[in-house]
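[1] Coordinates for the following, if possible.
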Amino acid sequence: MSKSTPEDAQPFERRGRRLTMNRRLFFFGDEEFEGEATILDISTNGCKATSLTEVKVGLSLKLSLFLQDQQWPLRIDQAVVRWVDGQCFGLEFIGIRPAQRERLRSMVMKSKA
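    As a prediction, this is how the structure comes out:
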């Protein structure tokens, strides 16, 4: 088998429908670490984003996602960076309140695959 490249070095299996988008995301970490990113795709379990702010695998963040047709940002209490490839990175949603998860699930399921 050939050597892994950053594109296929994702240590977890993607589950469920993914919705392509181009929306703003603000993230907040420990010690006043914060940044802004653009969500490239999203599922009920996580998202792919791109940012000029450098993040590292394993970093735990709080998120505010500004989604279409939503008056208030979607809040994720805890997300973990699972992979990084240049300015792109993948986040897994670890801590999300039931009402927020339902908002996300509803938006993803309403979209046409």
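[2] Correct me if wrong: I96 contacts K62.
    No. Using Cβ atoms under 8 Å, I96 is not in contact with K62; the gap is 10.7 Å. Where C-beta positions appear, they are placed from N, C-alpha and C, glycine not excepted.
[3] Measure how far the longest strand along the chain is from the centre of its chain, please.
    In the chain, assigned by DSSP state E, the strand with the most residues is strand 74-85. Averaging C-alpha positions (Cα atoms, centre = their mean, to the nearest Å) puts strand 74-85 5 Å from its chain's average.
[4] what do you get for stretch 35-55?
    5 Å.
[5] That stretch: end-to-end distance?
    9 Å (Cα to Cα, to the nearest Å).
[6] Give the bridge partners for the nearest residue to L74 once chain neighbours are set aside, please.
    For L74, ignoring the flanking residues on the chain, the nearest one in space by Cβ to Cβ, 6 or more residues apart in numbering is L65 at 4.2 Å. Applying DSSP bridges to L65 gives these bridge partners: L25, L74.
[7] The residue nearest the centre of the chain: which element?
    Centroid-nearest residue in the chain: C47, 2.9 Å away (criterion: Cα atoms, centre = their mean). In the assignment (DSSP states H and E), C47 maps to strand 46-50.
[8] still on that earlier bit, spell out which residues are contacts of both of I96 and K62.
    75-78 (Cβ atoms under 8 Å, 6 or more residues apart in numbering).
[9] all helices for the chain, in order.
    Ranges of helices within the chain are 98-110, based on DSSP state H.
[10] Can you check what angle separates the strand holding C47 from helix 98-110?
    Orientation check (axes from the mean of the first three to the mean of the last three Cα atoms, to 10 degrees): strand 46-50 against helix 98-110 gives 80 degrees.
[11] Paired strands for strand 46-50, with orientation please.
    Assessed with DSSP bridges, strand 46-50 is paired to strand 34-42 (antiparallel), strand 88-95 (antiparallel).
[12] do you know which of those strands lies nearest L52?
    Among the strands paired with strand 46-50, the nearest to L52 by Cβ to Cβ is strand 34-42 (7.7 Å).
[13] Need the residues that contact that closest one.
    Contacts of strand 34-42 (Cβ under 8 Å, 6+ apart): 18-28, 47-53, 55, 65, 88, 104, 108.
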